Structures are given as structure tokens and as C-alpha cells.
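Novice: Any chance you can model this:
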Amino acid sequence: MPLTLSSVLADSYKFLWQNRQDLFAYTFLPVVLVAGAKTLALWLTGQWQVVLTSTQLPADPEVAGEAGTAAAAQVLEVTPTGIGILLVTLATYVMFAVAWHRKYLIGNEGNTVGAALRWGTRQWRYLTSFLLLLGIALVASFLLSVPVRVMIAENPSVAPIAIMVVLMLVLLIYGRLLLVFPAAATGERFGLKDSIECTKGRTWLMAGIAVLPPLPMMFVLLIVSMLLANLFVPLFGASMSLLLVLSLIQQGITFIGIAAGVTALSIAHKQLTGTRRAGGV
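Specialist: This next block holds a predicted model:
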């Protein structure tokens with residue numbers, strides 16, 4: 001079958017549904033770890049009530065704006081607690097992504113879920129690839145923004161379009177490099193040059209794979225978060241236990257979106273490289 005964005009998206013969610021029991025088993029520990037870490041951090045900082053109320057829909061638009069501003073400021077604030085949450089989130093993402101890449105590309109290996117998620121050489125390789133691609137994206141953003149800043153200084157009205165162009169170019173570059181992730185997860189010898197060669201003529205496809213698979217679950221997350229907050233907070237009041245329950249639900253939805261993205265990338269890797277079973281570590 002031809003590799004198209006629509007077929008990749010459809011096949012990725014089809015794979016998740018067909019393997020829903022394994023998906024629950026693989027996501028259970030990451031979801032609990034991230035939700036628990038975020039809940040604990042909000043309790044330690046005393047900002048958990050702000051987060052709960054920020055997802056409600058107050059009648060007064062001014063109140064809604066103030067709540068949203070406070071929540072955004074809390075998210076953007078760099079603190080030791082925030083850095084800790086980021087590290088936990090990154091570690092659990094890598095653990096899950098490696099295991100789920102292998103689930104699709106290699107299949108059942110006879111391992112327990114704990115063994116599949118255990119940190120080891122593959123996880124370090126995946127994390128290294130992640131940091132490398134992040135660095136490349138940041139450098140590309142900086143270099144491309146230099147002429148853009150000159151244009152904006154001369155004509156501020158072009159700022160929105162210029163920024164969008166820079167973001168799109170960075171996304172196109174990033175998409176061409178994405179195949180290093182499933183390769184790192186399966187232990188295949190595969191570098192940035194190999195990814196660029198395998199994705200030749202597939203630039204827009206890879207950009208779509210980088211962005212679109214998790215989007216349906218992000219919309220679900222937004223709607224569910226608002227519905228649950230507006231239903232449960234008035235009924236039970238703001239509490240830490242309610243925050244933990246909501247966080248578990250939110251992270252569960254988030255990791256389904258992550259799984260969709262990982263599966264879509266695995267599908268592209270399998271078809272573009274002809275990978276069936278990868279050797280190595």
C-alpha cells in the first residue's frame with residue numbers, strides 16, 4: 001500500500017485499538033509516575049487550587065482571564081520543582097516510547113511490562129537522539145530567525161507570517177530526521193544521514209507524522225479536562241484527591257496520543273526502511 005499521511009494515521013489508531021490491553025499495561029506505570037509527580041509538585045508549591053480552577057468556565061470573563069493567566073505563569077515559571085517534573089516526564093516518555101516502538105516493529109518479545117520499560121542502553125540511545133534533534137531544532141530556529149528579525153525590524157507587520165515560516169521550516173527539517181527514534185529503540189545502526197536519505201521526497205509526510213497523530217487526543221484532553229473540572233469541582237470541592245484523579249485521567253489521554261505518534265513513526269520507519277526485525281542491543 002502507498003504510504004500516505006491518512007493511511008498512517010488510520011493504521012496507527014487501528015493498531016492502538018487492536019492492542020488496547022497492551023497499551024493499558026504499557027502506559028499504566030508512566031501515567032501513574034507523571035500524574036503523581038505533578039500532583040505532588042503542585043501540593044508542595046501550594047498552587048494546586050489554581051490549576052483546578054483554571055480549567056473551569058466561570059461566568060465572569062475577567063475572572064476566567066485572570067485564572068488562565070495565573071495558570072500560564074505557573075507553567076512557564078522555571079523552578080526546581082518544575083525541572084523535576086520535566087525530568088520525570090522526559091524519562092517516562094523515553095521508557096514508554098522505546099517499549100512501544102519495539103512492540104510495533106519487533107512484536108511480542110516474551111518480556112514482562114516491567115522488563116520492557118526498564119531503563120537500559122536502548123533508552124540512553126533514544127534520549128541521546130532526542131537531545132540531539134532538540135539541539136538541531138534550536139540551532140535551526142536561531143539561524144533562520146536572524147534574517148526574520150531584520151525583516152520584522154524593517155516591517156513589523158510581517159512578524160506573524162515570518163514566524164510561521166520559520167516554525168514550518170524547522171518542522172520540515174525535524175521531520176526528515178525522525179526515523180532515528182525507532183532505530184534507536186530497536187538497536188538498528190541508523191544515523192541522521194540515513195534518516196534524510198530514507199525520507200527523500202517525503203518531507204511533508206514526515207512533518208505531518210511529527211505533528212498530527214497526537215492531535216485528536218489533545219482535543220479529547222481539552223474537552224475532558226474542562227468537563228470533569230466543571231462537573232467534579234462544584235460537586236466535591238477542590239481537593240488534592242480530586243486533582244490526582246483528574247491528573248491520572250489527563251495523563252492517560254496524553255499517553256494515548258503519544259502512543260499514536262510513536263506508532264505512526266514506527267509505521268513510516270518500517271515502510272521506508274524495510275525494517276522487519278532489528279538486531280543489536
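Novice: going forward, measure contacts between C-alpha atoms and count neighbours the same way
Specialist: Fine.
Novice: Thr128: neighbouring residues, count only.
Specialist: Applying other C-alpha atoms under 10 Å, we find 14 residues neighbouring Thr128.
Novice: same question but for Val88, I mixed them up
Specialist: If you count neighbours by other C-alpha under 10 Å, Val88 ends up with 16.
Novice: Let me know the next secondary structure element after the host helix or strand of it.
Specialist: Taking DSSP states H and E as the definition, one finds Val88 inside helix 80-105. Using DSSP H and E, the helix or strand that follows helix 80-105 in sequence is helix 113-117.
Novice: Mind exporting the C-alpha coordinates of that next one to PDB?
Specialist: Taking Å, rounded to 0.1, in the frame of the first residue of the first chain, the C-alpha atoms of helix 113-117 are listed here in PDB:
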ATOM      1  CA  VAL A 113       5.900  -5.000  31.000                       C
ATOM      2  CA  GLY A 114       8.400  -4.100  33.700                       C
ATOM      3  CA  ALA A 115      11.300  -5.600  31.600                       C
ATOM      4  CA  ALA A 116      10.000  -3.700  28.500                       C
ATOM      5  CA  LEU A 117      10.000  -0.400  30.400                       C
END
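Novice: what mean pLDDT does that helix have?
Specialist: Helix 113-117 carries an average pLDDT of 90.
Novice: buried stuff in that helix?
Specialist: For helix 113-117, the neighbour count (16 or more other C-alpha atoms under 10 Å) marks Ala116, Leu117 as buried.
Novice: Helices of the protein, residue ranges please.
Specialist: Along the chain, the segments classed as helices by DSSP state H run 5-18, 20-45, 48-54, 61-76, 80-105, 113-117, 121-154, 159-176, 180-186, 192-198, 203-211, 215-236, 240-273.
Novice: ok, of those helices, where does mean pLDDT dip lowest?
Specialist: helix 61-76 (a mean of 46).
Novice: Can you tell me, leaving aside adjacent residues, what's nearest to Val224?
Specialist: With C-alpha to C-alpha, 6 or more residues apart in numbering as the criterion, Val224 has its nearest non-adjacent residue at 8.0 Å, and that residue is Gln250.
Novice: cool, and Gly208?
Specialist: Gly208 sits nearest to Leu5 (C-alpha to C-alpha, 6+ apart), 6.9 Å away.
Novice: ok, Ala207 touching Leu169?
Specialist: No: taking contacts as C-alpha atoms under 8 Å, Ala207 lies outside contact range of Leu169: 9.7 Å.
Novice: Which one's more surrounded, these two?
Specialist: Ranked by neighbour count (other C-alpha under 10 Å), Ala207 and Leu169 place Ala207 first, with 22 against 17.
Novice: what sits against the more buried one?
Specialist: Residues near Ala207 by C-alpha atoms under 8 Å, 6 or more residues apart in numbering: Leu171, Leu172, Tyr174, Gly175, Arg176.
Novice: burial count for the first one?
Specialist: What that stands for is Leu171. Leu171, neighbours per other C-alpha under 10 Å, totals 21.
Novice: Please apply the same query to the third one.
Specialist: When neighbours are counted by other C-alpha under 10 Å, Tyr174 registers 20.
Novice: How about the second one?
Specialist: Residues contacting Leu172 under the criterion other C-alpha under 10 Å number 19.
Novice: now swap in the fourth one and tell me
Specialist: Other residues near Gly175 come to 24 when the count uses other C-alpha under 10 Å.
Novice: next one: the last one
Specialist: A count of nearby residues for Arg176, using other C-alpha under 10 Å, gives 26.
Novice: Distance-wise, check Leu134 relative to Pro156.
Specialist: Distance, Leu134 to Pro156, by C-alpha to C-alpha, to the nearest Å: 29 Å.
Novice: Please disregard the earlier target; I meant Met168.
Specialist: Met168 is 20 Å from Pro156, by C-alpha to C-alpha.
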